Structures are given as C-alpha cells and as structure tokens.
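Engineer: sequence first, then the predicted structure, then my questions.
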Amino acid sequence: MKHAEFVAHIRQTYARLFDPDTSEETWSLFLTANTGWNGLIEEYLRRVERYLSKRGLLSKVYIRQIEEKWGGLRCYLRPTNDFRLSAEATAALGGIYHDIAGRSYHTCDVCGETGRLKSINGTYLTRCNDHISDSRFMTGLASVEGVAAKELNVGNSPHGNDKAAAPLSWEANLIDGFEGDRFSPMGGLYYRDNVEQRAGSLEFQRDVTFGSAGALKLSVRPLFDGENHRSERAEVWERTALRVPYDTAVWYGFSVKFADPIPQQDHRHLIAQWKREIGPDARGDYSPFLALRLVRGRLFATVETTFPVIPGRVLPTSAPVLTPVWLRPGKRQMRALVAADPGWTPADGHLFTAYTDRITVIPRGNELPTPHSGWIDFAVMTRPGPDGTGHIELFANDRWIVTVRGHIGHDEQGLGARQYFKFGPYRSASQGEWSLYFDNFRRSTRSDDVLGPVGLAALRSAGS
C-alpha cells in the first residue's frame, strides 16, 4: 500500500482517534514515515482504539502526529484541552507506545523486515542490509551502538570526548528521549555535577514519561534554609562544543511536567533558560535573554535586553501598543513579560510597571498552559538581536503562543559569541523539595524537526 493510500485507510478505519477539526493541511503533515512501518503504525492505532473504547475515552484523547524521527517511530497522543488522563491510563497508553516504538528500531522502515539503527553521515535510519547497501548511504557508516559505546567515556564533562563518534557541530540535529540510564550521545546534553548544583539531583526513571520509554527527573532540596541571595539548582546544559552562534536562529523542543507540590512562593523559579556566554572580562551578570518562569504557581515567559540609554524609549504609561517591562537600572537590564498562563493576575506581574517599544510582542491567540495541566511540550525558536533584529517564536502543546521581535539579549563587552540553553529547576533558596520531569529533548535549525503538524501549519500559513 502506497503512502497516500495508507493515510486514507487509517483516516477512515480509525476515524475516532483523530480530531474531526483537523485541517487538510495538517493531515498532509500527519504521517511522515516510510511504508515499511505501516504494520507497526496500524497495530498501534488498533491497540489504542481498543483501550480508549473500553474505558469510554474516545473523543477525549486524540492522536496528533505519527512520524519517523532520528531512526525511530514517534506517535504523539494528547488529551483534549478540558480533559486530563489518569495516571493509570497514561501508563497503559505509554506501554503500548513503548512496545511499538521499541520494535521500530529493529524493523526496516522501507520493507518491514528485520533492521537495525544506523547513522549515515549524521542521519539516523533503521534499515535492513538490503536497503542500506546503496552507495549513497555508505560514506561514514557507523552503528549507533558504536557511538553509544564511545560515549561511555564522556561522563559529565561539558566538552565531551573529542574522539567520540557523536556529532560535534553546532549544526547537528540533537535528540534525547532519556530512555536509558545516561544521556544519549545524540542529544549533546550533560548534567553539571559541581558545587553550584549541590542542592540538586538527577534521575533517569521510567515511571513518569511522555511518549517515550523513560524521562528525566530533576529535583532541588532545601540547602540554605531560605537564605537571601542563595540559589538551589539542578540544571542540564548543552555541551560547549555544540553551542549555537549568538545571531543564528535555532529551534528547541522539550516536554516538561511539574511534580506536586507546585511551588507557590513569590520569588525566583525557572524551568528553562536561554543565555549568552559570559566571558571573564564581562562586567556583572546577565540574565537569560529568554526564560520560562514560575511565580505563585503561575507559568510565564520573559525576554531580557539592555536597559535603554536613549531618553523616552521607556515610558511609565499603560499604552496598549507597548510591552510591560521590569526596569533594573542597577544592572542596566530590563525584563519584558511576553506570555503567561490563564491564571495570571496583575498581582503576579507587580514588578512589570513600565512599558517599552523596544520589544514587540505579537500574541497568537493562545496562552501558556497551566503548570497543573500535565505534560507541556514546548517548541521555541531563538535568534537574539540586541540591535533590534531579535526574533523568538514560542509554542506549547503544538499551539502558537507568541512571537517576540526587537531588542533581545545583550551586547556588552566581555560577552561571548554563542548562545546556550539549559533546563531544570532553579530557584532562590527555599523550603521543601521541587521536582520537574523532562522528556523528548530535540534541537534543530529546522522547524520541521521540532514542531508538530498543527504548529507547522500555523507557521507556514503566517509565512514565517
């Protein structure tokens, strides 16, 4: 059965598994996998439909996308906005997915016969010998098992092993589903096990996941008894060799789930941040040019830039065309509020009392999900531009949240030439433990590798 025929077949046969409002443009992006996996895909749909039907969950959970990514089958299933899956249902559906996805790494995606995962010039494919022998695929052939074996010597070094077969270019596509007991060589991530993170802990676990066989649990515990000006963190970083040039656009994706209890304090809590390298000659510290934050249990996003020196550029008015900012003249920085969840109140944003036209926020009709809504899958494009050319796109659960343009980031003396990303709980010293689960990390210079079909369709429709 050809690809188009198979798509038409599953649309008709398993219609109850798909959102009836899905557009034809979204359907054109729904299934991006070769026909050798048709049998696995149909088995997945049949088992999911049977499970949902028996429990009265049809029309409450939809399959959003099926694709090949980095050599394996990915199936994305998401509840409707007003429904939350139970832990039992999440585990059962995850078990179906893990079985199918695991078998895809041993099934040729061209013919359906036995295959194995291989890397061909940085492209990961699961193929049998008959379909990998073409001379176009032979250069640089290396099994992923060999890559992983060499990675065992990398550990938590920020630079990694220069002799490892893992990709060392910032242009490489990165992915890590945290399915093993260490970071994948294909993900380019590491945990900083140093004195700054002594309040933190890291665990590769399989009890709480989002469409993969494992997920990462990052936690911080009280270490400083709430002392002022102290921090507690458990953050995962990109390897130094893989950092992207500061003025280059790059897409990041990751899924996060807040463990209970969700912090309700009115002080610093970050779950992810994008920063510029800070050299030894830089004066002072520089906040992230983009951050996903939490305050009083509310999720929000901020963008940072240099405090303006031109009179009149920041106006203490409430003009609707301007962006609310928190002025921090002592650090020569200002922080813009660019997105928030539906529970956001003026009291939550009491620091954002000034307004600027240096940063333009374009709402896209959706708010950030709430922290208690379950797994949140973020997709973010960053291209800092302190000179006014900056550009950020923010998506959550494949819904377009906001576009930000203008003066984004910093350009002071002593700052480095690259941007970098880190994620994990980072807070002012506090009481109690705070944990976050992370899954499905990916990074690419192409939106197609990070966004889902709904997000891609919206982006293309807008001409972005």
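Structural biologist: Received it, and whenever you're ready, just let me know what you need.
Engineer: for stretch 346-361, buried residues please.
Structural biologist: For stretch 346-361, the neighbour count (16 or more other C-beta atoms under 10 Å) marks D348, G349, F352, A354, Y355, T356, D357, R358, I359, T360, V361 as buried. The C-beta positions use only the backbone N, C-alpha and C, and glycine is treated the same way.
Engineer: which ones are touching the second one?
Structural biologist: Taking C-beta atoms under 8 Å, 6 or more residues apart in numbering as the criterion, G349 is in contact with F300, P324, L337, A340.
Engineer: about what we covered before: tell me the one of the buried residues of stretch 346-361 nearest T13?
Structural biologist: Nearest to T13 out of these is V361 (C-beta to C-beta; 43.7 Å).
Engineer: so the closest one sits in a strand?
Structural biologist: Yes: V361: assigned to a strand according to DSSP: H, G, I helix; E, B strand; the rest coil.
Engineer: could I get the full set of strands for the stretch 51-200 of the chain?
Structural biologist: 61-69, 72-79, 116-120, 123-127, 142-143, 174-176, 189-191, 200-205 (DSSP state E, counting those that start in this stretch).
Engineer: most tightly packed of those?
Structural biologist: The highest mean neighbour count among the strands of the stretch 51-200 of the chain, using mean count of other C-beta atoms under 10 Å, belongs to strand 174-176: a mean of 23.
Engineer: list the contacts of stretch 302-309.
Structural biologist: Applying C-beta under 8 Å, 6+ apart, the contact partners of stretch 302-309 are 286-291, 293, 314, 327-329, 331-338, 356, 358-359, 386, 390, 392, 404, 406-412.
Engineer: I'd like the strands of the stretch 51-200 of the chain laid out as JSON lines, including distance to L368 and mean pLDDT.
Structural biologist: JSON lines is the format used below for the strands of the stretch 51-200 of the chain (distance: least, C-beta to C-beta, whole Å; pLDDT from 0 to 100):
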{"stretch": "strand 61-69", "distance to L368": "19", "mean pLDDT": "87"}
{"stretch": "strand 72-79", "distance to L368": "16", "mean pLDDT": "85"}
{"stretch": "strand 116-120", "distance to L368": "35", "mean pLDDT": "74"}
{"stretch": "strand 123-127", "distance to L368": "32", "mean pLDDT": "80"}
{"stretch": "strand 142-143", "distance to L368": "41", "mean pLDDT": "38"}
{"stretch": "strand 174-176", "distance to L368": "24", "mean pLDDT": "90"}
{"stretch": "strand 189-191", "distance to L368": "24", "mean pLDDT": "95"}
{"stretch": "strand 200-205", "distance to L368": "25", "mean pLDDT": "96"}
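Engineer: how big is the angle separating the lengthiest strand in the chain from strand 200-205?
Structural biologist: Counting by DSSP state E, the longest strand found in the chain is strand 415-428. Between strand 415-428 and strand 200-205, the angle comes out at 90 degrees (axes from the mean of the first three to the mean of the last three C-alpha atoms, to 10 degrees).
Engineer: now for strand 415-428, which elements pack on it?
Structural biologist: The contact analysis (3 or more C-beta pairs under 8 Å, 6 or more residues apart in numbering; DSSP states H and E) places strand 415-428 against strand 215-220, strand 231-233, strand 236-238, strand 244-245, strand 250-258, strand 269-278, strand 434-444.
Engineer: now it, how far from the chain's geometric center?
Structural biologist: Its chain's C-alpha centre and that of strand 415-428 lie 14 Å apart, by C-alpha atoms, centre = their mean, to the nearest Å.
Engineer: that strand pairs with which strands?
Structural biologist: Strand 415-428 sits in its sheet next to strand 231-233 (antiparallel), strand 236-238 (antiparallel), strand 244-245 (antiparallel), strand 269-278 (antiparallel), going by DSSP bridges.
Engineer: contacts for the first one?
Structural biologist: Put plainly, it is strand 231-233. Strand 231-233 is touched from outside by 196-197, 199-200, 220-224, 268, 424-430, with contacts defined as C-beta under 8 Å, 6+ apart.
Engineer: which of those are buried?
Structural biologist: By neighbour count, with 16+ other C-beta under 10 Å, the contacts of strand 231-233 hold Q197, A199, G200, V220, R221, G424, P425, Y426, R427, S428, A429, S430 as buried.
Engineer: among those residues, which one sits closest to T126?
Structural biologist: So of these, ranked by how close each gets to T126 (C-beta to C-beta), first place is G424, at 31.0 Å.
Engineer: can you redo the contacts of G349 as a markdown table with neighbour count and secondary structure?
Structural biologist: Formatted as a markdown table, those follow (neighbours: other C-beta atoms under 10 Å; DSSP: H, G, I helix; E, B strand; the rest coil):
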| residue | neighbour count | secondary structure |
| --- | --- | --- |
| F300 | 20 | strand |
| P324 | 18 | strand |
| L337 | 21 | strand |
| A340 | 21 | strand |
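Engineer: of those residues, which one scores lowest on pLDDT?
Structural biologist: Looking at those by pLDDT, the weakest one is P324, with 93.
Engineer: what sits closest to that one if chain neighbours are left out?
Structural biologist: Nearest residue to P324 in three dimensions, chain neighbours excluded: F352, at 4.0 Å (C-beta to C-beta, 6 or more residues apart in numbering).
Engineer: mind telling me what element that neighbour is part of?
Structural biologist: In the assignment (DSSP states H and E), F352 maps to no helix and no strand.
Engineer: so what's it up against?
Structural biologist: In this structure, F352 makes contact with P324, V325, W326, R335, A336, L337, judged by C-beta under 8 Å, 6+ apart.
Engineer: again, only this time at 10 Å
Structural biologist: For F352, the contacting residues are F300, T302, T323, P324, V325, W326, L327, M334, R335, A336, L337, P346, by C-beta atoms under 10 Å, 6 or more residues apart in numbering.
Engineer: which helix or strand contains the second one?
Structural biologist: The secondary structure element spanning T302 is strand 298-306 (assigned by DSSP H and E).
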